[in-house]
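Colleague: mind looking at a prediction? Sequence and model below.
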Amino acid sequence: MNTGQSRAIERLSRTLGGGCPVGKMVIKVPEELKILGEAMIEVIGAVAKARAGTATGKAVDYGSVEVAIGEAVAGIERAGHLAVLRSLDVDRPSVMIGGARHAKVGRCEATYYTMAGPVVWSSGRSIARSGSATRRWSIR
């Protein structure tokens, strides 16, 4: 699949709880937002697992159901933050920050702490230093 083409999240028709077959839904997700689509699949899995636990007719610990679904939904939020953070990265030899030129000195992994939990940017973000900074602070 080429960059820029849509990626579809697709699940085959299946039965839920022994009932009638459930139709499928296709959601088109742009390639650059693939991480959101993967997080959506996790939520669907969490909900399907919770529903499967109700088939016996026995009591359900709904607190654990809320935690599982909440964690999966927070994964969508974290994936959204990561997509936005990646788009904010300026990967150029130099950038202007506050009217001063800063030179790129490298990239590093970064963790951002959001209300939905930490977002780890493993591919790294650009790091720059101002032209007036001493050379001993540069990354080689």
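Modeller: Received it, and whenever you're ready, just let me know what you need. Residues are numbered from 1 along each chain as shown.

Colleague: packing partners for the helix or strand containing Val47?
Modeller: With elements delineated by DSSP states H and E, Val47 resides in helix 34-52, which encompasses its position. The helices and strands touching helix 34-52, judged by 3 or more CB pairs under 8 Å, 6 or more residues apart in numbering; DSSP states H and E, are strand 6-9, strand 27-30, helix 62-88. C-beta here means a position set from N, CA and C on the backbone, and glycine is covered the same way.

Colleague: what stretches of the protein score poorly on pLDDT?
Modeller: For the chain, the stretches flagged by pLDDT under 70 are 1-22, 132-140.

Colleague: in it, which residue is closest to the centre?
Modeller: For the chain, the residue lying nearest the average C-alpha position, counting by CA atoms, centre = their mean, turns out to be Ala79 (1.6 Å).

Colleague: surely that residue and Glu38 touch.
Modeller: Yes. With contact taken as CB atoms under 8 Å, Ala79 and Glu38 are classed as touching, separated by 7.3 Å.

Colleague: coming back round to it: quick one: closest of the helices and strands packed on helix 34-52 to Ile97.
Modeller: Across these, the minimum distance to Ile97, taken as CB to CB, is reached by helix 62-88, at 12.9 Å.

Colleague: tell me which residues of that closest one come out buried.
Modeller: Using 16 or more other CB atoms under 10 Å as the test for burial, helix 62-88 gives 65, 68, 72-83.

Colleague: same question, stretch 24-34
Modeller: By neighbour count with 16+ other CB under 10 Å, stretch 24-34 contains the buried residues Val29.

Colleague: now for the buried residues of helix 62-88: which two are most distant?
Modeller: Across these, the two members that end up farthest from each other (CB to CB) are Val65 and Ala83, 27.9 Å apart.
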